[in-house]
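>>> need the 3D shape of this:
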Amino acid sequence: MYGFTSVSSKGDIEEGTLYPGLGYGENQLRWGFIRKVYGILSAQILLTTVVSSVTVLYSPVNELLRGNPGLLLFFMFLPFILLWPMYVYQQKHPLNLIFLGLFTVCLSLTVGVSCANTDGKIVLEALILTSAVASSLTAYTFWASKRGKDFSYLGPILFTSLIVLLLTGFIQMFFPLGSTSVAIYGGLSAIVFSAYIVYDTDNLIKRFTYDEYIWASVTLYLDLLNLFLSILRVLRQSDS
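Residues are numbered from 1 along each chain as shown. Presented below is the predicted three-dimensional model:
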């Protein structure tokens with residue numbers, strides 16, 4: 001009877017183990033860290049939804065941003081500047097949350113402008129597809145990690161792909177591509193950021209330290225946001 005109980009308890013522990021070889025105490029701490037990160041990420045997504053909705057539904061805000069390209073560019077580039085203080089002060093409360101909030105609001109405004117210039121049906125389709133893809137990839141990564149799979153090898157590949165995407169996007173500013181090329185660019189971007197969700201989720205499970213909860217939420221937030229914008233770009237080009 002005692003032997004059966006021991007085996008059963010061990011099985012229950014192993015069922016909740018994030019990856020092979022992780023001790024019970026460390027596994028519990030890791031799950032707590034993951035819940036904290038996803039809690040912050042959920043707050044970011046909620047804030048993005050609210051700010052984007054205001055931008056879309058309250059015309060003065062949308063008109064102000066669309067009528068002032070310089071102001072819109074400011075909000076587009078400010079998040080890149082905020083990445084530095086967020087990284088430096090990621091362990092200093094409440095500065096880390098203040099910078100994270102500013103970072104999220106700036107990106108949300110640009111997302112709101114993109115949604116305001118797109119048919120509502122297409123925005124909804126992009127939102128549903130993004131949710132489905134992100135949920136599936138996250139579930140797969142947890143499942144694969146539990147079975148000992150590792151995705152750290154994706155790091156150099158994805159970094160190179162991201163640089164190519166950024167350079168291509170920069171070139172498009174001066175030499176606009178045709179609608180087909182834009183759709184292909186959006187499709188490739190969606191693939192890259194889908195892979196980033198797997199890579200960063202794997203890092204969340206295994207590599208981020210417990211003090212890097214802000215940085216972990218930022219990476220996942222950027223993955224989701226860029227995936228949504230990439231899908232939105234493809235659907236918009238397909239519709240037109």
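>>> tell me the pLDDT at residue 131?
Residue 131 is assigned a pLDDT of 95 by the prediction.
>>> please identify the helix or strand for it.
Assigned by DSSP states H and E, residue 131 belongs to helix 120-146.
>>> list the first helix or strand encountered after the longest helix anywhere in the chain toward the C-terminus.
Criterion DSSP state H: the longest helix present in the chain is helix 24-57. Heading C-terminal from helix 24-57, the first helix or strand you meet, by DSSP H and E, is helix 59-67.
>>> which residues touch that following helix?
54-56, 71-72, 75, 109, 112-113, 116-117 (Cβ atoms under 8 Å, 6 or more residues apart in numbering). All C-beta spots, glycine's among them, are computed from the backbone N, C-alpha and C.
>>> got it, and stretch 175-193?
By Cβ under 8 Å, 6+ apart, stretch 175-193 touches 158, 161-162, 165, 168-169, 172, 223, 226-227, 229-234, 237-238, 240.
>>> recalculate using a threshold of 7 Å.
If you take Cβ atoms under 7 Å, 6 or more residues apart in numbering as the criterion, stretch 175-193 is touched by 158, 161-162, 165, 168, 223, 226-227, 230-231, 233-234, 237-238, 240.
>>> filter these to the buried ones?
Buried by 16 or more other Cβ atoms under 10 Å: 158, 161, 165, 223, 226-227, 230-231, 233-234, 237, out of the contacts of stretch 175-193.
>>> now the helix holding residue 131: buried residues?
122-123, 126, 129-130, 133-134, 137-138, 141-142, 144-146.
>>> next: stretch 74-89.
Neighbour-count burial for stretch 74-89 [16+ other Cβ under 10 Å]: 75, 78-79, 82, 85-86, 89.
>>> one more: stretch 149-162?
151, 154, 158, 161.
>>> excluding its backbone neighbours, what's nearest the second one?
Beyond its immediate neighbours in the sequence, the residue positioned closest to residue 154 (Cβ to Cβ, 6 or more residues apart in numbering) is residue 199, lying 4.4 Å away.
>>> do residue 71 as well
The nearest residue in space to residue 71 (Cβ to Cβ, 6+ apart) is residue 65, at 6.2 Å.
>>> just the pLDDT at that neighbour, thanks.
In this model, residue 65 carries a pLDDT of 74.
>>> can you check residue 117 too?
77.
>>> cool, and the one 3 residues further on?
Note on residue 120: pLDDT of 79.
>>> possible to save the buried ones among the contacts of stretch 175-193 as a markdown table with secondary structure and pLDDT?
Compiled in a markdown table, the buried ones among the contacts of stretch 175-193 are given as follows (DSSP: H, G, I helix; E, B strand; the rest coil; pLDDT from 0 to 100):
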| residue | secondary structure | pLDDT |
| --- | --- | --- |
| 158 | helix | 95 |
| 161 | helix | 94 |
| 165 | helix | 90 |
| 223 | helix | 96 |
| 226 | helix | 94 |
| 227 | helix | 95 |
| 230 | helix | 92 |
| 231 | helix | 93 |
| 233 | helix | 88 |
| 234 | helix | 89 |
| 237 | helix | 81 |
